[in-house]
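K.L.:
okay, sequence plus prediction incoming.
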Amino acid sequence: MDVAALIAWLLTATGGFVLLGTWIAKGGHRRDAARPSRFPPGLVFGHFLLAALGLVLWIVYLAADSDGLTWVAFAIVAVAALLGFALLFRWLPQVRDRAAPSGDATATAEAQFPIPVVVLHGLLGATTLVLVLLAALNA
């Protein structure tokens, strides 16, 4: 269960890097963009930093076999998941209203996210959360 959680977490992180890279490359972090992002930078980077911190703690847990870290990692990934849901709910209306092609310069940075990557990132994130919870319960 522990290693499965790590694998799911790493796959989730890969999708997250794609989304974060797209958001930054399309100017999502800049307020002077043609269409400012609906994602506050603090929310985006908070989600990223909490997920990364949780992953580091999970790796330390696997290396040191310290059961106390499982609950800390779970709490951190749970908060990261809540921030991820906040991002999802800010992103959904933009996707529904997306009439212009994804390469349109007037679209917000997050409106240009590849939909399959967002869906896979969310599903893998939920899987990671459940696997970490199950590992913590077994610890």
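P.N.:
Happy to help now that I have it. Numbers count the residues shown, from 1 in each chain.
K.L.:
now the residue nearest the centre of the chain: closest residue in space that isn't a chain neighbour?
P.N.:
Nearest to the mean C-alpha position of the chain, by C-alpha atoms, centre = their mean, lies residue 16 at 4.9 Å. Distance criterion C-beta to C-beta, 6 or more residues apart in numbering; nearest residue to residue 16, sequence neighbours excluded, is residue 121 at 5.8 Å. Every C-beta, even on glycine, is put in place using the N, C-alpha and C of the backbone.
K.L.:
show me the longest helix that occurs in this protein.
P.N.:
helix 68-96 (DSSP state H).
K.L.:
identify each buried residue in the worst-scoring helix or strand of the chain on mean pLDDT, please.
P.N.:
When each helix and strand of the chain is scored by mean pLDDT, DSSP states H and E, helix 68-96 comes last, with a mean of 93. Neighbour-count burial for helix 68-96 flags 69-70, 72-74, 76-77, 79-81, 83-84, 87, 90-91, 94 (criterion: 16 or more other C-beta atoms under 10 Å).
K.L.:
tell me the one of the residues you listed nearest residue 44?
P.N.:
residue 87 (6.9 Å; C-beta to C-beta).
K.L.:
so that closest one makes contact with residue 48?
P.N.:
No. Using C-beta atoms under 8 Å, residue 87 makes no contact with residue 48, being 10.3 Å away.
K.L.:
now do the same contact list for the residue nearest to residue 36 when sequence neighbours are not counted.
P.N.:
Leaving out its chain neighbours, the residue that sits closest to residue 36 by C-beta to C-beta, 6+ apart is residue 108, at 7.2 Å. Contact analysis of residue 108 by C-beta atoms under 8 Å, 6 or more residues apart in numbering lists 26, 28, 33, 35-38, 94.
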